[in-house]
Structure formats: C-alpha cells, structure tokens
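K.L.:
just the structure for this:
(one chain, ligands or ions: 1)
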Amino acid sequence: MSEQNLTEKIGLLDMKRMPRHVAIIMDGNGRWARQRERERSEGHAEGVNSVNRITRISSDLGIRYLTLYAFSTENWNRPQAEVETLMHLIGWTIRKETPDLVKNNVRIHLLGDTERLPKEVQKSLYDGVRATAHCTGLNLLLCLSYSSRWELTQTTKLISGLVKKGEINPEDITEETIAAHLSTKDIPDPDLLIRTGGEERISNFLLWQIAYSELYFTPVLWPDFDNNAYIDALIEYQTRERRFGKTSEQVSATNNNNN
Ligand code: FPP
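P.N.:
Here you go, the predicted structure:
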C-alpha cells in the first residue's frame, strides 16, 4: 500500500474512539520463514521489524499502552537453539532500539518472570527500563517469560502473604484487590486484543485483564503485519459496540449523555 493510501486509511479512524490499550499475540514467525524455505530464526528477526513498526505507529496514533507477548512461559519448551536465538534477538533489539524509544518518548515496562532470562538479556532490558523511565508517551509493555496462570499464581501468593501477616481479611478481598496485585496494576485493561497468524485462541495471555476486551484474529503472519493490517484492526475495533454487560439502549443513552 502506498504512503498516500495509508494516510487516507488512517483518515478513516475516529481519533476520539481510539483504543487506549492494544495487546498483541505476535504469531506466525515460523510459518513466515517456512513459506520462504528460511530458518525459523529469520522469521523471528523479521518479526522484530514488525515490533518496531507497530510500536512506532502506535506512538504516532497516540495509543497509550501497547502490550506485546514476546516470549511465553511455554516458549521455554522450544528447542534450546531457538530459545537462545530469541533471547539474543530480544536483548540485541532492546539495546539497539532504546535510543530511538527515548527519542520517541516511549517507556518500556516488563511483565513476566524476567529473572529466568539470561543475565545479559536482563541487563539490556533493565537498562532499557531505566533509560525510558522518564518517557511520558506510549507505554510499551513487553511480556517475557510471561503467562497469565504464572501471573495469577504470583498474585495469589502475594495476597495470601498479606492475609497471613494479618494485613488483609479474606472477606475484604475484592476484584480491585486482585487487580492491584497483578503485574498490570495501574495499567488499564486492554481495549483490543489482536492475534496474528490465523490461530483463534488466547494461549495463556492476560486472562484476567481481557475480560471485556474486543478480540481481533487475523490470518496475517506477524512479520507481514504492516501498518495497513494494523489500521484494519483499529477500524474493525471502532465498529464494535462495547456493552460491558449492559444493553445496547443503555450504552447509547450513556454515549449521548457524554457527547
Ligand atoms: C510466535 O511465532 C512468535 C514468538 C514466539 C516470538 C515473538 C518474538 C519476537 C518477534 C521478538 C520480539 C522482540 C522484542 C524486543 C519484543 P511462532 O514462532 O510461534 O510462529 P509459528 O506459529 O508460525 O511457528
């Protein structure tokens, strides 16, 4: 798609109804490589270009939070050589991109059991977090060695500890208590969850947080997920009516009152 056509397509977006938080399950790097008779690692390397592109346009469009499922707890079970390649790629990308992220006012956050990552990757990530800590634009949440069940287990341990110390009564535990002890505390739930690569499942990602998210599945493989495909997802999101359990009439009445 030409730059002009992309600009026209962006013009179709209603800037007042942009999602505040977009979460993405980036899938299809391996198939992208296989289709070209290339190594899976080349698919992941190409996937990094998509990461950079989607981060950039999200920032330009004023999206506040972008969460990327970069490495799941289950991904540790992949062949060791692939895990090593991914780890190297993640560390290298963060080191290389941090100056640009700072320039574009993008703040890095980490979600997941990052202590499991190789020490040098942890260093690159923590350096990136520190270097971007003052940034006030897009918040880029990288999920690494993350799974929702891991997160919910951690949260349960944390809250049980508070109960044990007598700091909280079990009867006083509310949904807010749980939300406040997740890794996403202080971060609004995703409005839109995108999964690329054609599979239509959640794969242990943000299970608590996506209770009311709009889900968008696309067959486009992650390395091919360009700005055009992303704008399609955002346009589709804007056609959805988010009811949060209410009736359509109630939602229209609230929207009319707010306008
Ligand atoms: C899924 O494709 C993709 C991954 C498991 C890794 C995604 C990670 C990156 C693109 C690098 C991210 C880097 C940073 C800095 C955030 P797959 O291998 O499962 O593809 P397949 O289903 O076609 O085999």
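
K.L.:
for the rest of this, base every contact and every neighbour count on C-alpha atoms.
P.N.:
OK.

K.L.:
and for residue 10, the neighbour number?
P.N.:
Using other Cα atoms under 10 Å, residue 10 has 18 neighbouring residues.

K.L.:
relative to residue 193, how far out is it?
P.N.:
Residue 10 sits 19 Å away from residue 193, going by Cα to Cα, to the nearest Å.

K.L.:
ok, now residue 254?
P.N.:
As for residue 254, its distance to residue 193 is 24 Å (criterion: Cα to Cα).

K.L.:
pull the distance from the helix or strand containing residue 96 to the chain's centre.
P.N.:
Residue 96 is part of helix 80-103 when elements are defined by DSSP states H and E. A distance of 16 Å separates the centroid of the chain from that of helix 80-103, by Cα atoms, centre = their mean, to the nearest Å.

K.L.:
for that helix, name the packing helices and strands.
P.N.:
For helix 80-103, the packing partners by 3 or more Cα pairs under 8 Å, 6 or more residues apart in numbering; DSSP states H and E come out as helix 40-60, helix 119-131.

K.L.:
in that helix, which residues are buried?
P.N.:
Using 16 or more other Cα atoms under 10 Å as the test for burial, helix 80-103 gives 82-83, 86-87, 89-91, 93-95, 98, 101-102.

K.L.:
cool, and stretch 33-51?
P.N.:
33, 40-51.

K.L.:
before we move on, back to that, more neighbours: which of residue 254 and residue 193?
P.N.:
Neighbours were counted for residue 254 and for residue 193 using other Cα under 10 Å; residue 193 has more, 22 against 10.

K.L.:
give the burial count for the closest residue to the ligand within the stretch 101-250 of the chain, as a bare number.
P.N.:
Proximity of the stretch 101-250 of the chain to the ligand (Cα to the nearest ligand atom) peaks at residue 142, 6.0 Å away. Look at residue 142: counted by other Cα under 10 Å, it has 20 neighbours.

K.L.:
hey, what's it bridged with?
P.N.:
Per DSSP bridges, the residues bridged to residue 142 are residue 68, residue 110.

K.L.:
wait, it touches residue 113, no?
P.N.:
No. Between residue 142 and residue 113 there is no contact under Cα atoms under 8 Å: 11.5 Å.
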